[in-house]
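J.: mind folding the following:
(one chain, ligands or ions: 1)
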Amino acid sequence: MAGTSIKIGSAVIEVVQGDITRQDTQAVVNAANEQLAPGGGVAGAIHKAAGPQLWEECRTLGGCKTGQAKITRGYQLPAEYVIHTVGPVYSNTPQNAIDLASCYHESLLLAKNHDIESIAFPAISTGVFGYPVAAAADIALQTVIAFLKEHGQPRWVRFVLFGENDYLVFERALLNLAKKG
Ligand code: ADP
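T.: Numbering: from 1, shown residues only. Presented below is the predicted three-dimensional model:
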């Protein structure tokens, strides 16, 4: 899979174009809704690929609040775990940025606490939830870089963008942040 990567200490952040359901990372992140229900977009694709057992587990979890994260098994997915996080519905308020950063931070914290070595994220909130991609990319990458500088793990963080334009936006943001150090 072609992509661009940078190193933060001994950890790697990679940006690729692809399908989140096909990733061989130990965990994949679901851009979930508060009910943790199948729905459309990333959530629909993940539930379809994982099979009905994923929804059976999700329905026992009591939902998930915006900016929070919960973990399940991956069932039929190549990934062992799914980390479900609920992004903000974009309304151009400062709270949106805080909530989006929290999604990435809380997901990484769950991964670290489960000794997960590799994780793949979609572009949370940039689909149905309407977050502008360039702003979302900066928040996503800055939050991951800060987390890896502090914790050094997971060792491998991959961003998986579905469309070419979103891929190019994330790639540019990654290279700009790498330049700034
Ligand atoms: P949200 O409700 O958080 O906005 P969506 O699932 O609607 O989440 O979309 C989030 C982003 O994920 C969008 O950019 C969308 O194009 C992208 N996307 C949709 N399906 C997939 C997939 N199978 N793999 C990776 N990204 C996907």
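J.: when you work out contacts or count neighbours from here on, use the C-alpha atoms and nothing else.
T.: OK.
J.: pLDDT below threshold where in the protein?
T.: 1 (pLDDT under 70).
J.: separation between the spatially most central residue of it and Ala31?
T.: By Cα atoms, centre = their mean, the mean C-alpha position of the chain lies nearest to Phe121, the distance being 2.6 Å. Counting by Cα to Cα, to the nearest Å, the gap from Phe121 to Ala31 is 9 Å.
J.: next up, phi/psi of Ala69, please.
T.: phi -150, psi 150 (degrees, to the nearest 10).
J.: do the same with Gln17
T.: Per degrees, to the nearest 10, the backbone of Gln17 is at phi -100, psi 130.
J.: what sits closest to it if chain neighbours are left out?
T.: Leaving aside its sequence neighbours, Gln17 sits nearest to Leu161 (Cα to Cα, 6 or more residues apart in numbering; 4.7 Å).
J.: surely that neighbour and Thr21 touch.
T.: No - using Cα atoms under 8 Å, Leu161 is not in contact with Thr21; the gap is 11.6 Å.
J.: which residue of these two possesses the greater neighbour count?
T.: Thr21 (25 against 22; other Cα atoms under 10 Å).
J.: from the ligand, how far off is the closest residue to that one other than its chain neighbours?
T.: Leaving aside its sequence neighbours, Thr21 sits nearest to Ile46 (Cα to Cα, 6+ apart; 5.7 Å). Distance check for Ile46 against the ligand: by Cα to the nearest ligand atom, to the nearest Å, it reads 7 Å.
J.: in contact with Ile46: list those residues for me.
T.: Ile46 sits next to Ile20, Thr21, Asn30, Pro38, Leu77 when contact means Cα atoms under 8 Å, 6 or more residues apart in numbering.
J.: burial measure for the last one, as a count.
T.: Leu77 has 23 neighbours, counted by other Cα under 10 Å.
J.: what residues are up against Asn96?
T.: Pro88, Val89, Tyr90.
J.: please report how far Lys180 lies from Ile145.
T.: 12 Å.
J.: these two - which one has more neighbours?
T.: Ile145 (23 against 6).
J.: quick one: what helix or strand has that one in it?
T.: helix 133-151 (DSSP states H and E).
J.: that helix: how far from the chain's middle?
T.: 11 Å (Cα atoms, centre = their mean, to the nearest Å).
J.: packing partners of that helix?
T.: strand 3-8, helix 94-113, helix 164-180 (3 or more Cα pairs under 8 Å, 6 or more residues apart in numbering; DSSP states H and E).
J.: can you give the contact residues for it?
T.: 8-9, 11, 97, 100-101, 104-105, 108, 123-126, 154, 166, 169-170, 173-174, 177.
J.: now, which of those lie close to the ligand?
T.: Ala123, Ile124, Ser125, Thr126 (Cα under 6 Å from any ligand atom).
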